[in-house]
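# Quick one, fold the following:
(one chain, ligands or ions: 1)
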Amino acid sequence: MDRADQSTSPHTTAYNGARRVLTGNWVGASTVPSRSLYPHQWSWDSAFVAIGLRHLWPLRAQRELETLLAAQWDDGRVPHIVFNPSVPLAAYFPSPDFWRSSSAGAACGAPRGTETSGLVQPPVHALAAWLVHRADPASSRQRGFLRRVYPRLVAWQRYLTGARDLGGHGLASIVHPWESGMDNSPCWDPPLSRIEPVGSDTFHRADLDHSRADDRPTDLDYGRYVRLAENYRDHGYRDHDCGHPFAVEDPGVNALLVLSEYALAEIAGALGRDPADHLVRVEELTNALVKRLWDEESGLFLPFDVIAGETVREHSAAGLIPLVLPGLPERTARALVRTARGPRFGLGDTTRMVPSYDLTGHAHDPSRYWRGPAWFNVNWLVERGLRRQGELSLANGLRAELIHLAARSHYAEYVDPVSGEARGTRDFSWTAAVTIDLLT
Ligand code: 2M8
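Below is the predicted model:
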């Protein structure tokens, strides 16, 4: 029987509302994060969306990932935005005529027939592909889903551990704050402060046509984002000779890289291949992550600024994401759980969901985007991580809050971590998708 017919419990209401959002944001071969604010396909959004869609329409979930991977560049990068040509240029900034991927990215093998950005986002995709396969193995096998996506996912992971190992210690670097997915996190303030912003009169921010300026990054942030993206584009998106002025090893990105490498081992096994190479990489990456980014003093993983050669001493929720890793040393995992419950994140105590940035931090702002508000995808990862580390009651409490606040906020993009009040846009796809996943 369809869940919708079973009862009118709060869970049923939450489930039906989430399904409505995902139905409304499907545009034929992929899902937009939001009809108004983000009218194209975003990379890590699609991974979370597929994780939710698999419970509703497994074929659509497979399609979501296939559409994204069809825009992969020959060098392995999966672009952070795949542009929909039927959407007017003015609907989103920076638009395809800014990125000019098919011409400027030609040397890196950007697709010719599809316009994309030249940046990347956190690699949640192999995990998503594995979970999507497991939701309906029969249709996946029949369509050759894993067989087709596996080489692309391997190339994607190898791009990150190869061309993007800018620090030389085996971890991937992000070269733009947008690549972290946590755009204006205070973690990027120190490395960004070295970047000369372009004038705010040189671009028009379409995001402000659809959202409150107080909930979004500032014009100064955008001036720096544009400078960095232009520099990358003007160097043909080539990592080797671009002289990246911003390069940071982010614990969230790298933890997801490891998690996806585990998923690649599972996928390889399901395809009858030897998973050994993936498992060796899992171990190497986990060791590098702990060695380079673990901060004993704060009990959290912190970003490392490769250009300055120093740790960024700002505490964000990205540092909790390694909780999802099965191979984390026991001591580290215990300390990380203590930090999640402690004053910085207040889990099970002062907050309803984990804030994106330290409650006690000098830059904490409970409304402004990635500088304090709580996000549903990050909290889905933390919930999974707590479960992984055996913290079942904490995980169950967080799960209940996520489901309740997602529905109450009308599937908000983010919420105030203490009051749960809605912020950002509504009917946001990954909020709906993780709700479906938590309810199924
Ligand atoms: C936000 O980022 C985009 C740029 O990529 C923007 O602000 O325009 C971030 O929250 C990012 O994590 C997310 O993937 C994207 C679409 O939801 O929006």
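
# List, one by one, the residues from this protein near the ligand.
33, 38, 42, 44-45, 80, 178, 181, 183, 207 (CB under 6 Å from any ligand atom). (Each C-beta comes from the backbone N, C-alpha and C, glycine too.)

# can we see that at 8 Å?
33-34, 37-38, 42-45, 80-81, 92-93, 117, 119, 121, 178, 180-183, 207, 216-217, 369-370, 375, 413, 428-430 (CB under 8 Å from any ligand atom).

# dump the residue contacts of Leu271.
146-147, 150 (CB atoms under 8 Å, 6 or more residues apart in numbering).

# do you know how far it is from Tyr150?
Distance of Leu271 to Tyr150, given as CB to CB, to the nearest Å: 6 Å.

# From the contacts of Leu271, keep the buried residues only.
The neighbour-count criterion (16 or more other CB atoms under 10 Å) marks 146, 150 among these as buried.

# Let me know the closest of the contacts of Leu271 to the ligand.
Closest approach to the ligand among those (CB to the nearest ligand atom): Tyr150, at 24.2 Å.

# so what's the closest one closest to, chain neighbours aside?
Spatial nearest neighbour of Tyr150, excluding adjacent residues (CB to CB, 6 or more residues apart in numbering): Ile267 at 5.4 Å.

# And for Val434?
In space, Val434 comes closest to Trp380 once its chain neighbours are excluded; the distance is 4.0 Å by CB to CB, 6+ apart.

# Just the helices from the stretch 101-250 of the chain, written as ranges.
101-104, 125-135, 137-143, 145-161, 189-192, 219-234 (DSSP state H, counting those that start in this stretch).

# looking at these, which is buried most?
helix 125-135 (a mean of 24; mean count of other CB atoms under 10 Å).

# need the strands for the chain, in chain order.
Ranges of strands in the chain, per DSSP state E, are 41-42, 81-82, 248-249, 294-295, 300-301, 304-305, 310-311, 374-375, 414-415, 422-423.

# Mind listing residues that contact the fifth one?
In this case it means strand 300-301. Residues contacting strand 300-301 (CB under 8 Å, 6+ apart): 251, 255, 289, 293-295, 315, 318-322, 336, 339, 344.

# just checking, the residue nearest to Val434 touches Leu402?
Yes. Using CB atoms under 8 Å, Trp380 is in contact with Leu402, at 6.9 Å.

# joint contacts of those two?
434, 438.

# how much space is there between the residue nearest to Pro85 when sequence neighbours are not counted and Arg238?
Leaving aside its sequence neighbours, Pro85 sits nearest to Glu115 (CB to CB, 6+ apart; 7.1 Å). Distance from Glu115 to Arg238, counting by CB to CB: 19 Å.

# Could you check which of these two has the larger neighbour count?
The neighbour comparison of Glu115 against Arg238 (other CB atoms under 10 Å) goes to Glu115, with 24 against 13.

# can you tell me how far that one sits from Ser101?
For Glu115 relative to Ser101 (CB to CB), the value is 6 Å.

# Can you tell me, leaving aside adjacent residues, what's nearest to Ser140?
According to CB to CB, 6+ apart, the nearest residue to Ser140 is His133 (4.4 Å).

# okay but the one you found is in contact with Ala270, surely?
Yes. Contact criterion CB under 8 Å: His133 and Ala270 qualify, at 7.0 Å.

# and for the two, which residues touch both?
Joint contacts of His133 and Ala270 (CB under 8 Å, 6+ apart) are Leu146.

# just to revisit the earlier point, let me have the contacts of Leu271 in JSON lines, extended by distance to Gly397 and pLDDT.
Formatted as JSON lines, these follow (distance: CB to CB, whole Å; pLDDT from 0 to 100):
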{"residue": "Leu146", "distance to Gly397": "35", "pLDDT": "98"}
{"residue": "Arg147", "distance to Gly397": "40", "pLDDT": "98"}
{"residue": "Tyr150", "distance to Gly397": "37", "pLDDT": "99"}
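
# JSON lines for the contacts of Leu271, including distance to Arg281?
Listed next are the contacts of Leu271 as JSON lines, based on distance: CB to CB, whole Å:
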{"residue": "Leu146", "distance to Arg281": "19"}
{"residue": "Arg147", "distance to Arg281": "21"}
{"residue": "Tyr150", "distance to Arg281": "15"}
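
# of the contacts of Leu271, closest to Leu69?
Comparing those against Leu69 with CB to CB places Tyr150 closest, at 10.4 Å.

# quick one: that closest one and Glu266 touch, right?
No. Using CB under 8 Å as the test, Tyr150 is too far from Glu266 to be in contact (10.7 Å).

# what's around the residue nearest to Val434, how many residues?
24.

# Scan the chain for its longest helix.
Ordering each helix of the chain by length in residues (DSSP state H) puts helix 251-270 first.

# what's that one packed up against?
helix 125-135, helix 145-161, helix 276-293 (3 or more CB pairs under 8 Å, 6 or more residues apart in numbering; DSSP states H and E).

# Can you tell me, leaving aside adjacent residues, what's nearest to the residue in the stretch 201-350 of the chain positioned nearest to the ligand?
Closest residue of the stretch 201-350 of the chain to the ligand, CB to the nearest ligand atom: Asp207 (5.6 Å). Of all residues not flanking Asp207 in the chain, Arg216 sits nearest, at 5.8 Å (CB to CB, 6+ apart).

# residues contacting the one you found?
Arg216 neighbours (CB under 8 Å, 6+ apart): 207-208, 368-369.

# Compare the contacts of strand 300-301 and tell me which has the most neighbours.
That'd be Ala318 among the contacts of strand 300-301, by other CB under 10 Å, with 31 neighbours.

# hang on, isn't it packed against Ser180?
Yes. The pair Ala318 / Ser180 is scored as a contact, 6.9 Å apart, by CB under 8 Å.

# what is in contact with the two at once?
In contact with both Ala318 and Ser180: 187, 250, 252-253, using CB under 8 Å, 6+ apart.
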